[in-house]
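# Sequence plus predicted model, see below.
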Amino acid sequence: MKTSIKLREEYIKLGQAVKAAGFVDSGVEAKIVIQDGLVKVNGEVDTRRGRKLVAGDKVEFEGNIIDIEE
C-alpha cells in the first residue's frame, strides 16, 4: 500500500507519520515498531520515533510506503 501525508507544518515526526498513515493503531504501537527496527526512512532503518520527516522523505513499514509531501 502506498499513501502520502501532506505536511501542515515544517515537518512531521516519524511516530506521528506511521500512526497517521494507519499502519498502527496507537502511538505506543508506533513506538514499538520503530524501536524494533521495523521502519525504514529513505531506505535505512531508523529507530528514532522523533525523527523529523520533511517533504521528499519516504517511510517504509511492512512493504507499505508513505510519501511525505509539502
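The structure has been received and is ready for your questions.
# Show me where this structure dips below the pLDDT cut-off.
Scanning the chain for pLDDT under 70 picks out nothing.
# those strands in it, which residues are they?
For the chain, applying DSSP state E gives strands covering 2-6, 12-13, 39-41, 44-45, 52-53, 58-61, 64-69.
# Adding distance to S26 and mean neighbour count, write the ones you listed out as JSON lines.
Every C-beta, even on glycine, is put in place using the N, C-alpha and C of the backbone. Compiled in JSON lines, those are given as follows (distance: least, CB to CB, whole Å; neighbours: other CB atoms under 10 Å):
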{"stretch": "strand 2-6", "distance to S26": "17", "mean neighbour count": "13"}
{"stretch": "strand 12-13", "distance to S26": "15", "mean neighbour count": "20"}
{"stretch": "strand 39-41", "distance to S26": "15", "mean neighbour count": "20"}
{"stretch": "strand 44-45", "distance to S26": "21", "mean neighbour count": "10"}
{"stretch": "strand 52-53", "distance to S26": "19", "mean neighbour count": "16"}
{"stretch": "strand 58-61", "distance to S26": "15", "mean neighbour count": "19"}
{"stretch": "strand 64-69", "distance to S26": "17", "mean neighbour count": "16"}
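# now the ones you listed as CSV including distance to V28?
Supplementary listing: the strands of the chain in CSV, determined by distance: least, CB to CB, whole Å:
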stretch, distance to V28
strand 2-6, 20
strand 12-13, 14
strand 39-41, 15
strand 44-45, 20
strand 52-53, 20
strand 58-61, 16
strand 64-69, 19
